[in-house]
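Q: build me a model:
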Amino acid sequence: MDTSYSYQGFSVQKLEELCDKEHRQAGPCPPVYPLAEQYSQGRIYREYARFPMELPLYVYSDHGIHLSAELRPDERTQKAYAMFSYSRSRFPMLEQSLAPQPCYRIPHPLVWYRHEHNIEQAKTAKGTICFPAHSVLGKFAIYDIAEFCRQLRELPEAMQPVNICLFMTDIHRGTHLKYLEQDMPVVTAGSVWDIRFVDRYYDILRNYRYALSNCIGAYTYYSVEMGMPFSFLAGSCHYKDPQNNELPDERAEKKEVEKLFSGIHTSITKQQKNYIAYAFDTKDCISREQMHEILVRAYAKYKLDTAGKTV
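A: Just a heads-up that it's a prediction; the model follows:
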């Protein structure tokens, strides 16, 4: 029986060190397209494709759960050999918009990794892991932390204790200190550039019975996919840029997904299960052998191009 997990949270020092670039473990080679390496994805692509860990990836990819029906700026400007996408709903748009660049549907790397390494919810799992709306570079999540903590303390006894899992950008901004002031234990999976991110993330997730947030995010999908009920607590959360300007929400599916998970859930509904199964469906995804061939071709093209030749 696994009894080693502590629900007391991490110390301030550990939270900050895990998110500090001085303490992260980088991959064995410099990234060509950094966003394709985020969240351990580059490491997982190499494992899935049985491609050498020490060789760079000359492909681009999704790097999170995106509900937008439009290309992101980085997707428009990248010049990679090919595009990998694990978004079933966005794939047709990507395939059409990025042509003639080839676009391939792939299994979601973190979900594939979970199954490949037999990561399951711990038998001793208890309480709730809360993933608050998080900030990213140039986009800050704004909400009343004290009021949110009050809501968390009022959750049913069966959902206690509640721990907060913060994204690295919010720890850089000192958000962990605000939660600790509210006596809420805080944990983190650390830097998204650390190749151990996926292991830290699932080590946290698997030790709770329930997941919750005040915003729909990738954690919604990962939680339910692993059999954890997810609750969306609607509130006055919004986003601003560093100049304090309101930012539009471009996620086309957001309202539908919010409605699907709105309120407190201690079980997974049939509709929720079907939606997540659809999102992570691997039909028409390329095989491990096909990905290996694509990565080899991308690497060979780069070598030939830099030698002044053409494929």
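Q: isn't R24 right next to G190, touching?
A: Yes. R24 is within contact range of G190, at 7.0 Å (criterion: Cβ atoms under 8 Å). Placement of C-beta: from N, CA and C, glycine included.
Q: more neighbours: those two, which one.
A: G190 (24 against 18; other Cβ atoms under 10 Å).
Q: need the pLDDT of that one.
A: pLDDT, G190: 97.
Q: likewise the one 4 residues further on?
A: Residue-level confidence at D194 comes out at 96, pLDDT.
Q: host element of the nearest residue to it once chain neighbours are set aside?
A: Excluding the flanking residues, the one nearest D194 by Cβ to Cβ, 6 or more residues apart in numbering is R24, at 3.9 Å. Under the assignment given by DSSP states H and E, R24 is not contained in any helix or strand.
Q: please report phi then psi for R24.
A: phi -90, psi 150 (degrees, to the nearest 10).
Q: now the end-to-end length of stretch 281-288.
A: For stretch 281-288, the first and last residues are 16 Å from each other (Cα to Cα, to the nearest Å).
Q: give me the buried positions along it.
A: Buried residues in stretch 281-288, counted by 16 or more other Cβ atoms under 10 Å: C285, I286.
Q: what does it contact?
A: Y48, A49, R50, Y86, R88, Y104, R105, I106, P107, I294 (Cβ atoms under 8 Å, 6 or more residues apart in numbering).
Q: try it again at 6 Å.
A: Y48, A49, R88, Y104, R105, I106, P107 (Cβ atoms under 6 Å, 6 or more residues apart in numbering).
Q: quick one: contacts for the residue nearest to D194?
A: Counted by Cβ under 6 Å, 6+ apart, R24 has contacts S191, W193, D194.
Q: tell me how far the residue nearest to the second one when sequence neighbours are not counted lies from E37.
A: Meaning W193. Distances taken as Cβ to Cβ, 6+ apart put R24 closest to W193, at 5.6 Å, once the chain neighbours are dropped. Per Cβ to Cβ, to the nearest Å, R24 is found 12 Å from E37.
Q: tell me where the chain has strands.
A: 60-61, 83-85, 103-105, 128-130, 140-142, 162-165, 186-187, 210-213, 230-232, 238-240 (DSSP state E).
Q: counting by contacts, list what the third one packs against.
A: It refers to strand 103-105. helix 91-97 (3 or more Cβ pairs under 6 Å, 6 or more residues apart in numbering; DSSP states H and E).
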